[in-house]
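Novice: Have a look at this prediction, sequence included:
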Amino acid sequence: LWSWSWQTASVPESDAPDLQIQKGMWNMEIPRNIRQIGDIDQDLRLYMEDYVATFIEKLKRRNDTFVGVFLGKQAADQEIPCLFIRGAVLMKQYEVEDSRIVMTASSWNEVYEQTEACFQDVEICGWFLCCRDEAMADLYGLQKSHNENFKGQGQIFYLYNGSREEEAFYRFDFHGAHRL
(Lines give C-alpha, C1' and ligand atoms only; values in the text may rest on other atoms or scores of the structure.)
Protein backbone atom coordinates (compact mmCIF):
# COMPACT_ATOMS: atom_id res chain seq x y z
CA LEU A 1 0.00 0.00 0.00
CA TRP A 2 2.58 2.58 1.07
CA SER A 3 5.77 3.51 -0.70
CA TRP A 4 8.38 3.28 2.07
CA SER A 5 12.12 3.52 1.90
CA TRP A 6 14.69 5.39 3.89
CA GLN A 7 14.61 8.05 1.21
CA THR A 8 10.89 8.83 0.99
CA ALA A 9 7.59 8.56 2.78
CA SER A 10 4.65 8.96 0.49
CA VAL A 11 0.90 8.63 0.48
CA PRO A 12 -0.48 6.37 -2.27
CA GLU A 13 -2.85 8.36 -4.43
CA SER A 14 -5.75 6.03 -3.61
CA ASP A 15 -5.39 6.83 0.13
CA ALA A 16 -4.62 10.51 -0.25
CA PRO A 17 -7.32 13.00 0.76
CA ASP A 18 -8.80 15.10 -1.99
CA LEU A 19 -7.07 18.47 -1.60
CA GLN A 20 -8.72 21.16 -3.63
CA ILE A 21 -8.17 24.82 -3.00
CA GLN A 22 -11.00 27.09 -4.09
CA LYS A 23 -10.81 30.83 -3.58
CA GLY A 24 -8.08 30.44 -0.95
CA MET A 25 -10.13 28.05 1.17
CA TRP A 26 -9.33 24.44 1.94
CA ASN A 27 -12.09 22.37 0.38
CA MET A 28 -11.67 19.04 2.16
CA GLU A 29 -12.60 17.03 5.14
CA ILE A 30 -9.54 16.37 7.25
CA PRO A 31 -8.95 12.60 7.38
CA ARG A 32 -8.34 10.72 10.62
CA ASN A 33 -4.75 9.82 9.79
CA ILE A 34 -3.60 13.41 10.35
CA ARG A 35 -1.88 14.99 13.34
CA GLN A 36 -2.20 18.64 14.17
CA ILE A 37 1.10 20.18 15.24
CA GLY A 38 1.09 23.11 17.67
CA ASP A 39 -1.78 25.09 19.13
CA ILE A 40 -5.00 25.67 17.20
CA ASP A 41 -5.00 29.38 18.12
CA GLN A 42 -1.73 30.11 16.31
CA ASP A 43 -1.52 32.04 13.07
CA LEU A 44 -0.63 28.83 11.18
CA ARG A 45 -2.33 25.45 11.36
CA LEU A 46 0.10 22.65 10.68
CA TYR A 47 -1.16 19.16 9.83
CA MET A 48 0.99 16.08 9.17
CA GLU A 49 0.04 12.69 7.78
CA ASP A 50 0.67 9.90 10.30
CA TYR A 51 2.83 8.17 7.70
CA VAL A 52 5.21 11.12 7.56
CA ALA A 53 5.34 11.32 11.37
CA THR A 54 6.20 7.60 11.49
CA PHE A 55 8.95 8.15 8.90
CA ILE A 56 10.46 10.93 11.05
CA GLU A 57 10.19 8.75 14.20
CA LYS A 58 12.19 6.01 12.47
CA LEU A 59 14.88 8.50 11.51
CA LYS A 60 15.08 9.81 15.09
CA ARG A 61 15.89 6.32 16.41
CA ARG A 62 18.94 5.95 14.20
CA ASN A 63 22.31 7.30 15.32
CA ASP A 64 22.91 9.37 12.23
CA THR A 65 22.16 12.77 10.73
CA PHE A 66 19.31 13.18 8.28
CA VAL A 67 18.29 16.21 6.26
CA GLY A 68 15.13 16.19 4.22
CA VAL A 69 12.32 18.14 2.66
CA PHE A 70 8.63 18.17 3.55
CA LEU A 71 6.10 18.02 0.72
CA GLY A 72 2.49 19.06 0.85
CA LYS A 73 -0.04 21.79 0.22
CA GLN A 74 -0.80 25.20 1.62
CA ALA A 75 -4.33 26.51 1.95
CA ALA A 76 -6.49 28.58 4.29
CA ASP A 77 -9.19 27.61 6.75
CA GLN A 78 -11.34 30.58 7.73
CA GLU A 79 -8.56 33.06 6.88
CA ILE A 80 -5.93 31.11 8.89
CA PRO A 81 -3.11 29.65 6.76
CA CYS A 82 -2.92 25.85 6.85
CA LEU A 83 -0.01 23.63 5.89
CA PHE A 84 -0.75 20.00 5.13
CA ILE A 85 2.38 17.79 5.04
CA ARG A 86 1.78 14.72 2.85
CA GLY A 87 5.30 13.41 2.34
CA ALA A 88 9.01 13.70 2.99
CA VAL A 89 12.11 13.15 0.89
CA LEU A 90 15.60 12.65 2.30
CA MET A 91 18.40 14.79 0.95
CA LYS A 92 21.47 12.59 0.57
CA GLN A 93 23.86 15.25 -0.67
CA TYR A 94 24.40 18.27 1.53
CA GLU A 95 27.34 19.99 3.18
CA VAL A 96 27.86 21.43 6.65
CA GLU A 97 29.66 24.78 6.87
CA ASP A 98 29.87 26.89 10.03
CA SER A 99 26.76 25.31 11.62
CA ARG A 100 24.83 25.79 8.34
CA ILE A 101 23.37 23.09 6.15
CA VAL A 102 24.38 23.88 2.57
CA MET A 103 22.01 22.47 -0.03
CA THR A 104 23.73 22.31 -3.40
CA ALA A 105 22.25 22.18 -6.90
CA SER A 106 22.84 18.41 -6.97
CA SER A 107 20.99 18.15 -3.62
CA TRP A 108 17.98 19.89 -5.08
CA ASN A 109 18.09 17.90 -8.34
CA GLU A 110 17.91 14.70 -6.31
CA VAL A 111 14.96 16.02 -4.27
CA TYR A 112 13.09 17.05 -7.43
CA GLU A 113 13.70 13.63 -9.03
CA GLN A 114 12.45 11.75 -5.95
CA THR A 115 9.45 14.06 -5.64
CA GLU A 116 8.48 13.57 -9.28
CA ALA A 117 8.86 9.78 -8.97
CA CYS A 118 6.91 9.34 -5.71
CA PHE A 119 4.42 12.22 -5.41
CA GLN A 120 1.82 14.08 -7.38
CA ASP A 121 0.32 17.50 -6.82
CA VAL A 122 2.60 18.57 -3.94
CA GLU A 123 4.99 21.42 -3.35
CA ILE A 124 7.99 21.85 -1.09
CA CYS A 125 6.70 23.27 2.17
CA GLY A 126 9.70 23.09 4.48
CA TRP A 127 12.51 20.89 5.69
CA PHE A 128 13.81 18.85 8.60
CA LEU A 129 17.02 17.96 10.40
CA CYS A 130 17.42 14.96 12.69
CA CYS A 131 20.85 15.00 14.33
CA ARG A 132 22.76 14.01 17.44
CA ASP A 133 25.45 16.69 17.13
CA GLU A 134 24.80 19.69 19.38
CA ALA A 135 26.80 22.00 17.07
CA MET A 136 24.52 21.16 14.11
CA ALA A 137 21.42 22.08 16.15
CA ASP A 138 22.39 25.77 16.32
CA LEU A 139 19.22 27.70 15.43
CA TYR A 140 21.13 30.76 14.24
CA GLY A 141 23.02 28.74 11.61
CA LEU A 142 19.92 26.77 10.71
CA GLN A 143 17.96 29.98 10.17
CA LYS A 144 20.63 31.04 7.67
CA SER A 145 20.20 27.69 5.88
CA HIS A 146 16.44 28.14 5.91
CA ASN A 147 16.59 31.69 4.54
CA GLU A 148 18.97 30.61 1.74
CA ASN A 149 16.85 27.67 0.59
CA PHE A 150 13.22 28.18 1.64
CA LYS A 151 12.14 31.65 0.66
CA GLY A 152 8.42 30.92 0.24
CA GLN A 153 5.87 32.16 2.72
CA GLY A 154 4.77 29.55 5.26
CA GLN A 155 7.86 27.35 4.92
CA ILE A 156 8.48 25.42 8.15
CA PHE A 157 11.46 23.71 9.77
CA TYR A 158 11.55 20.66 12.07
CA LEU A 159 14.56 20.01 14.30
CA TYR A 160 15.22 16.87 16.29
CA ASN A 161 18.24 17.30 18.58
CA GLY A 162 19.10 13.74 19.61
CA SER A 163 21.76 14.79 22.11
CA ARG A 164 19.02 16.51 24.14
CA GLU A 165 16.12 14.40 22.85
CA GLU A 166 14.26 17.61 21.95
CA GLU A 167 12.12 18.25 18.92
CA ALA A 168 10.24 21.26 17.62
CA PHE A 169 8.71 22.82 14.54
CA TYR A 170 9.74 26.40 13.71
CA ARG A 171 8.86 29.23 11.40
CA PHE A 172 11.52 31.84 10.70
CA ASP A 173 11.13 35.52 9.92
CA PHE A 174 13.28 38.63 10.31
CA HIS A 175 12.64 38.51 14.10
CA GLY A 176 14.15 35.01 14.39
CA ALA A 177 12.81 31.52 15.10
CA HIS A 178 9.21 31.03 16.24
CA ARG A 179 8.43 27.69 17.78
CA LEU A 180 5.08 26.21 16.74
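Specialist: Thanks, I have the structure now.

Novice: where exactly do the helices run in this protein?
Specialist: Using DSSP state H, the helices of the chain run over 50-60, 105-118, 139-149.

Novice: Return the member of the ones you listed having the minimum mean pLDDT.
Specialist: Sorting those by mean pLDDT places helix 139-149 lowest, at a mean of 89.

Novice: And that one, what does it pack against?
Specialist: Judged by 3 or more Cβ pairs under 8 Å, 6 or more residues apart in numbering; DSSP states H and E, helix 139-149 is in contact with strand 100-102, strand 123-131, strand 156-161, strand 166-173, strand 176-179. Where you see a C-beta, it was placed from the backbone N, CA and C, and this is true even at glycine.

Novice: Would you mind listing the outside residues contacting the shortest one?
Specialist: Going back to what we said before, that points to strand 100-102. 67, 94, 95, 96, 129, 136, 141, 142, 144, 145, 148 (Cβ atoms under 8 Å, 6 or more residues apart in numbering).

Novice: got it, and the second one?
Specialist: Counting by Cβ under 8 Å, 6+ apart, the neighbours of strand 123-131 from elsewhere in the structure are 56, 59-60, 65-74, 83, 85, 88, 91, 101, 111, 115, 136-137, 142, 146, 149-150, 152, 154-162.

Novice: Check which strands are paired with that strand and give the direction for each one.
Specialist: Sheet pairing for strand 123-131, assigned by DSSP bridges, gives strand 66-77 (antiparallel), strand 156-161 (parallel).
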